[in-house]
Structure formats: C-alpha cells, structure tokens
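**Q** Provided below are the primary sequence and the corresponding predicted coordinates.
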Amino acid sequence: MDQLIKLVNRLQDAFATVNLSNPIDLPQIVVIGSQSSGKSSVLENIVMRDFLPRGQGIVTRRPLVLQLINRPSRRTSMASEAGSPKEGEEQVEAADNEDNEDEWGEFLHLPGKKFHNFDEIRQEIIAETDRKTGGTKGVSPEPINLRVYSPKVLTLTLVDLPGLTKVPVGDQPKDIEFQIRDMILKFISRPNTIILAVTSANTDLANSDGLKLAREVDPEGMRTIGVLTKVDLMDKGTDVIDILAGRIIPLRLGYVPVVNRGQKDIDGRKSIASALAAEKAFFENHQAYGSKSGFCGTPYLARKLHILLLNQIRNCLPDLKKKISEDTRKFTAELAALGDFHQGNLQNVVLSIITEFCSDFRNILDGYSQDLSTTELNGGARISFVFFEIFSTAINTMDAFDQIKEVDIRTLLYNSSGSTPALFVATQAFEVLIKQQIRRLEEPCLKCVTMVFDELARILSQILHKPVFKRYPKLKERFYAAVIAFFRKGMDPTSKLVTQLVSAECCYVNTAHPDFIGGHRALGLVTEKLALKNAPADDRAKDKAPLDKYDPKRTTVVPTSGSGNQYSLDSPSQANEGIFGSFFGGAKKTTRRPGVLEAPPPVLKASGSVSEREFVEIEVIKMLIQSYFSIVKRTMSDMVPKCIMLNLVFYAREEMQRGLLAEFYREDLLAELLEESAETVQRRKDCKKMIEALQKADEIFNGI
C-alpha cells in the first residue's frame, strides 16, 4: 500500500518543475495553524529528526512539501510493519542515533545530492527560502520539495505552510496576514486535501485560527483532523476530554493530543527519542488520558495520517487518471493554438491571419459564427437592434409640436401673408414649419451612423481577443488602427449621404404624396370640427354638427382654459375691431387721443383672442405638418438604415480584405508585425512543460 503514497510523490515531483499551478488535485496532508502553535515540533516528532528552522516570528515562509519514505535499515533485513507498536518502539530507540547513514534528505532543486546531516537540511531550507524572498521576512507561495528517507518513518506526504499571523513585524509587507491566508486557502480548498489543523490545547479552541480557516472550506469537518499540542501545559485539573469526544467542535476525523518538546528542551538539545518516550509516559500515567493512551501521542498520529492518506489516494485514483487525460488534451489544444514560432514564411502567416479575420468578421455580421451566444445579442443582431429598436423608436416618437407653439404658428401666418392679409392657408408658412421639423431628424440619423460604427468596432474588439492576436501584440495594435481607419473611411460618405437625404426632404416638400392629407381634406376636417363646436348642445350630444346650422354671426373664437386645441366662441362685436384687432387684443390698452397716430411698439407678438379664421388656419397647418412629418419619419426610418448598410456595413464587409492586404502585405513590415510577445513565448514553454509533466504522470499511472 505504501506504493500508492510513493505514486503521489512521483506525481508531485513531476509537476513541481512546471511554473504553473498544478492542475491535478493530488491527495496530500496540509498542516496549518497559528504561529507558535507547535506545527514544527509536530512535524519533527513525526520525522524523528530536528531539521526545521527555528526562531521568532514567521519561520516557515514557503510551503514545505515533505515526502517521508520508509526504507529498510542496512542493519536489518526488513523494516517493521507500518503502524505496529513494535515499530513505534524501534523508532524511539533508534532516534538516539543522530548520525545514522541510513537516513538522509534530498531536495528537488538539488537533484542527486544527499544530506545526511539534518542541520545542513535546515540551513538549505533557510537559504532556499531567502533566495525566493530576497532575505526579507516576506513569504512566497513557491514550495520547497524535501524527501526524507529513513527506516524510522512511515511513508507519508505532508505540506507545512506558514503560520497564521496578525501583525507584520520588521520589514514584512503590510498585507502579510492576507498573503498567508490566501496561500493557505489555495492549498486547503482542494477537495482531495486532508487538513491537519494544529492548535495549542492551553488556548480556547473556539479561537483557533487553524480550525476557523479549515471550516471555511470544510464546514462539516469531513476532511479535517485536529492536533492538540501543549497538552502538558494545561492548568492542573483541566484536560481535553470534551474536545476529543467531539463535544466542542466536532470533526469527522477526530483529534489527537500530543506533547512536544518545549523551548527549554530544544535549547538543551533534548533528543526527539527522549521526547517521544516522555510523551508516552505522560499519557499512560495521566489520570484523564491513561485509559486512552493508545490513541494519543505522535506515533498514533503518524499511523492515523498514514492510513487516512492511503484511503484518500485509493478513493480518488480513477478521477486522477481521468483528470490527467482531460488536461493533456486541453494543454495540447492550447499549444496548437499558440502555434510554433513563425511556422511557415511570414507572407503566408499574414495572409492567413487577414483571411481568417475577414471571414470571422463576415460570419459575425451575418450570424454564421460558430460561437453564437445564447445569453446576449452580438454582431449583426446588435446592428439590427440599433436600426429597429433604438433608431426607429426614437424617430417615431418625435412629435412635431414639441418645439412649435400655436402662438408661433399664428405669428408665422401673419408674417407669411406680408402686407396683404392672405385669403387662404399660406403654403409658405407650412413649408417653413415642416422644414424646421425635418431638420430635427438629422441629429438622430447621424447618431445612428455613429452607433453602427461603434458596433463594428465592438465586433473588431471581439475578434482581436483571439489567441493569434495575443501572440502578436504589434500586429494586433496595427490591425486595430487599420480597421478603425477603414471604418472611418466608410463613415464619412455614410454621414454625408444621410445628411443629403435630410436635405433632399427639406429641398422638396412633396405635397402630392399619396399619403399626405392635403389642404382641402384638412380644411374640411377642421370646418367639421368647428361646426361641431358651434352646434347646439342637443346636437353635440348626438355627435352631430351639420354645416348648414353654423351661425356666421358668431365670428370669433378664443382659447378656453385647458389645452391649446380647445376654443370657445366670443361675441361678434370683437370682429369689428379690424383685421389685427384680435392680434393685438392682449396688448396693454392705452388712452388714445382722437385723430392722433401713435408709433407701433418695437416688438410685436401674437396675443389676445383668436379669430375664427385664425383658428381654422392654425388647425389646418397643424394637421398638414403632422401628416407630412409622419411621411418623412417613415421615409427616414426606412432609408437611413439602407444608407448605413450600403456605405458602411457592406462596404466594410466586402472591401476590408483588399484594404488590409494593401496595408499589411509588405515585406518590410512582416518581421516587425510578427514579433511574438514575451507572454506568448513563456506560455508556449509552460504548455510544453505541462504536457511533458502530464504525459509523465500518465506513464506513472500506467505503471501501477
């Protein structure tokens, strides 16, 4: 069964040299806890060697992947059976030998070099940490891989992480707490990881930093095992029985109490063998733990971890094999997308990129793209939305009378008649007013051109996110500038054509249009409306207003309170005030001397009562404007999208490839444009390394 753990060790080594996050969730035991909780002492007791850095503050500043390999001693023909009490006793006896040639360590970054002196292992851990952190007290997520061969250990893999801290000291970065927290979460979040949470028994378990962090990723405690250190330092009369029974914070894998060497023991060079013997005596002779001493102490913890790791590996082996195959295909596909460095001649590469770009552009416009989204509109569908939802809605909701007041119409009618009062509705006044409204359409029409331009630029950005343009950043930059310039080249004639379309509508007001209401019909409708207002109350109630019952003596109409379209008849005496009597009716009255002419005021405005004739003319003008403006709006809603499609969209669709070839198919530019980014070069190297690691992992699995 130890071969399963060795298998995982080989897989760890296979991925350790790749500068990418290990995509395979390998089963492992991760040791976490706060500073000074006793993590290092627990690990040293398991290894039965004093080899980890010691000191104040953060000592472990990089993850230490510790692979323990049990191997037979040269003095014995076979190692003791893993987990047997006899083996544990042999470990205690053998630990007194601090210079055993059967024990050594190997670092993955120093292949082939054996460290028989474990003090040198400690120094190498410190030196390798400083090489990555620059000698400061900062931390690094890059692990150190150490493999220890010994007849005293059980085959086991542990990952020691920096202790949780709250306050930075010395030259540590201000966010050291969050750096360590993120590093720990990255390791323990993987579902196949067993979390070894180390907590001091002489502190409140509810305040355990290790358990708090473990519960964030393992809230049910299904893959967390607790280790209670410093049990011997608890106040007299207290114990951890309630914790071990799961009555405080229950864990599926339970808790194991241990007794480590204190600082005085370490300073006094007390051997780990002696410490383990003292630990065993403590639990056997303790009143609370004596009956359960076989489930306490470091030897029991090591055996339990060994069994837990074996079971975890055995359960997830099929999934690991599947994940390796899936990732091999994924990285192979990515490497193929990155391509070989300048594969083929440069002209063919550029020609291929331009052809593929133009094909993608046309497909996105026409809706033939293979990457059609089910969550949002894109490409040509967005242009259609601009035409039929945004532009058409904006045009159709424009009201001709948003900016025209009845007093303006009234003034214009008088101005258009000149010095002689007109006998009929003034055509000139109608044309002036309708042309003003048609000019209002120019702004939204040009805005529609800009919106379509923005949508084409959006399609461009979508295509430029493809790997080929990430590979060649200079080509991407030049491509963007060239295509945007090409769009602008099509935008200028498009805007000019739209402007001319508006000008054409203003230039010729087609009053013979079949949909135009016409002056006679408008006059008839207004007369009918006026007759209805003048009819007796009974007839109005019957919705009847015969023209032969119209009373010509009631000659004037004045606005009523309410909307400007409501009028009431006034007394006929006001009709005798002259042609402009009602026009100036609202002006301030002054006492006039008989026979004396007074100069008109500098500014004359329409005010006062509205005559019946004015009422008819205003209503007719409004009806004509509304009718013709509706015709023009329908025309613009139909023609502006056609102009944009002709001079901008289809121009870009059909002519872009020719323009790009003229821009980029130049031998003097090719070498510069096809210079790969440093990111692409590095990513290609990483993908190749990852594929090699995955293939090696697959070979390891095939050899089981």
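**A** Okay, I see it. Numbering: from 1, shown residues only.
**Q** and the host helix or strand of Leu276, which residues are buried?
**A** Here Leu276 sits within helix 272-285, counting by DSSP states H and E. In terms of neighbour count (16 or more other C-beta atoms under 10 Å), helix 272-285 has its buried residues at Ile272, Ala273, Ala275, Leu276, Ala277, Glu279, Lys280, Phe282, Phe283. The way it works is simple: take the backbone N, C-alpha and C, and place the C-beta from them, glycine included.
**Q** can you lay out these as CSV showing distance to Val432 and pLDDT?
**A** Formatted as CSV, these follow (distance: C-beta to C-beta, whole Å; pLDDT from 0 to 100):
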residue, distance to Val432, pLDDT
Ile272, 104, 89
Ala273, 110, 89
Ala275, 105, 91
Leu276, 106, 93
Ala277, 111, 93
Glu279, 105, 93
Lys280, 109, 93
Phe282, 107, 93
Phe283, 106, 93
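**Q** can you tell me what sits against stretch 654-664?
**A** The contact list for stretch 654-664 (C-beta atoms under 8 Å, 6 or more residues apart in numbering) reads 350-351, 354-355, 357-358, 361, 475, 478-479, 482-483, 486, 673.
**Q** report the buried members of these.
**A** Judged by 16+ other C-beta under 10 Å, buried ones among the contacts of stretch 654-664: 350-351, 354, 357-358, 361, 475, 478-479, 482-483, 486, 673.
**Q** can I get those residues in CSV with secondary structure and pLDDT?
**A** Converted to CSV, the buried ones among the contacts of stretch 654-664 look like this (DSSP: H, G, I helix; E, B strand; the rest coil; pLDDT from 0 to 100):
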residue, secondary structure, pLDDT
Val350, helix, 83
Leu351, helix, 85
Ile354, helix, 88
Phe357, helix, 89
Cys358, helix, 91
Phe361, helix, 90
Leu475, helix, 84
Arg478, helix, 88
Phe479, helix, 88
Ala482, helix, 90
Val483, helix, 91
Phe486, helix, 91
Leu673, helix, 75
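**Q** need the residues you listed in JSON lines (columns: distance to Ile307).
**A** Formatted as JSON lines, these follow (distance: C-beta to C-beta, whole Å):
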{"residue": "Val350", "distance to Ile307": "62"}
{"residue": "Leu351", "distance to Ile307": "63"}
{"residue": "Ile354", "distance to Ile307": "62"}
{"residue": "Phe357", "distance to Ile307": "59"}
{"residue": "Cys358", "distance to Ile307": "63"}
{"residue": "Phe361", "distance to Ile307": "61"}
{"residue": "Leu475", "distance to Ile307": "58"}
{"residue": "Arg478", "distance to Ile307": "62"}
{"residue": "Phe479", "distance to Ile307": "60"}
{"residue": "Ala482", "distance to Ile307": "66"}
{"residue": "Val483", "distance to Ile307": "63"}
{"residue": "Phe486", "distance to Ile307": "69"}
{"residue": "Leu673", "distance to Ile307": "61"}
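**Q** which members of the residues you listed are the farthest-apart pair?
**A** Greatest spacing in the buried ones among the contacts of stretch 654-664, by C-beta to C-beta: Phe361 and Leu673 (18.9 Å).
**Q** quick one: which of the buried ones among the contacts of stretch 654-664 is nearest to Ser140?
**A** Looking across these and measuring by C-beta to C-beta, the closest to Ser140 is Leu475, at 35.9 Å.
**Q** what's near enough to touch that closest one?
**A** Residues near Leu475 by C-beta under 8 Å, 6+ apart: Val350, Ile353, Phe469, Phe664, Leu673, Leu674.
**Q** give me the neighbour count for Leu497.
**A** Around Leu497 there are 18 other residues, counting by other C-beta atoms under 10 Å.
**Q** surely it touches Tyr651?
**A** No - at 11.4 Å, Leu497 and Tyr651 do not qualify as touching, with contact defined as C-beta atoms under 8 Å.
**Q** does Ile484 touch Ala457 like I think?
**A** Yes - between Ile484 and Ala457 there is a contact at 6.4 Å, judged by C-beta under 8 Å.
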